[in-house]
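[1] structure for the following, please:
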Amino acid sequence: MNWEPWTGCYPASDGCANCYFYGPHAKRYGQNTIQKTDKFDWPIRKNAKGEYNIKGDKILATCFATDFFLPEADEWRADAWAMIKERRDIDFLILTKRIDRFPVSLPSDWGNGYDNVNIGCTVENQETTDYRLPLFLSYPIKRRYVAASPLLGPIDLTPYLGGMEHVTVSGETGRDARVCDYDWVLDIREQCVAAGITFWYKGTGSLFRRDGITQKINPYKQGGIAKELDISILNGKKLF
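    Numbering: from 1, shown residues only. The predicted structure is shown next:
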């Protein structure tokens, strides 16, 4: 399930260039005005019986089509944190390319983090890895993971995996997608094996290079092909 309390976004780094949601060929291209959605209070909405519409024991992907830490959303974030705190029976996944803004608008009782919040930091190349992940590890967060997505080159995550629970990898999707080489994926997998953390190969991307051969992959088949390659290491872990 996805919760998008606000909408709109704009590029943060090279990984945003062909965004599947707001990129040049997406229906939402140019929608960079950040505004609340009609689902802003969705996690705490109740029915006529006074019960939450969203039942507990769910994983709620939060701001996967925008960014939780956009500066334009600063005035709303306190209310979003309050709803997240109220629904401790739901796991909230927050994925961001703006981890440098994490300290902004943290709730006063955050401490070392909420048990039901899993923060994900996106990286796409070594440059963003070496900038974002040291910051990511310096913040008080109980549960954290890395999303190498879109993977645009080889990445060494080794110095940073000690503080992570999980790594997700996927290639870039879209008409102008850049190549994702399977060797880069396998290398990250080996890094995760050495660190003893889970690894999920989510999707090949639209241009998938394997054994020196580059193939164009239909968007609807990218996840299936990645699954068929059977390299994920989940150990029974429940993922989004």
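
[2] how near is residue 7 to residue 95?
    According to C-beta to C-beta, to the nearest Å, residue 7 stands 15 Å off from residue 95. In this view, the C-beta of every residue, glycine as well, is placed from N, C-alpha and C.

[3] before we move on, what about residue 211?
    Residue 211 sits 31 Å away from residue 95, going by C-beta to C-beta.

[4] neighbour-wise, which of the two wins?
    Each of residue 211 and residue 95 has its neighbours counted (other C-beta atoms under 10 Å); residue 95 has more, 20 against 6.

[5] let me know the pLDDT of the more buried one.
    According to the prediction, residue 95 has pLDDT 96.

[6] what do you get for residue 239?
    So, for residue 239, pLDDT stands at 59.

[7] surely residue 144 is within a strand?
    Yes - under DSSP: H, G, I helix; E, B strand; the rest coil, residue 144 falls within a strand.

[8] residue 91 contacts residue 116, doesn't it?
    Yes - between residue 91 and residue 116 a contact is recorded at 5.4 Å, counting by C-beta atoms under 8 Å.

[9] quick one: residue 67 and residue 9 touch, right?
    Yes - using C-beta under 8 Å, residue 67 is in contact with residue 9, at 5.9 Å.

[10] can you give me the helices for this structure?
    In order along the chain, the chain carries the following helices (DSSP state H): 74-86, 126-138, 182-195, 222-228.

[11] any chance of those helices in TSV, plus mean pLDDT and mean neighbour count?
    Converted to TSV, those look like this (pLDDT from 0 to 100; neighbours: other C-beta atoms under 10 Å):
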stretch	mean pLDDT	mean neighbour count
helix 74-86	97	16
helix 126-138	98	17
helix 182-195	98	17
helix 222-228	97	16
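
[12] the ones you listed: which one's closest to residue 110?
    helix 74-86 (7.9 Å; C-beta to C-beta).

[13] and the end-to-end length of stretch 47-66?
    Start and end residues of stretch 47-66 are separated by 28 Å (C-alpha to C-alpha, to the nearest Å).
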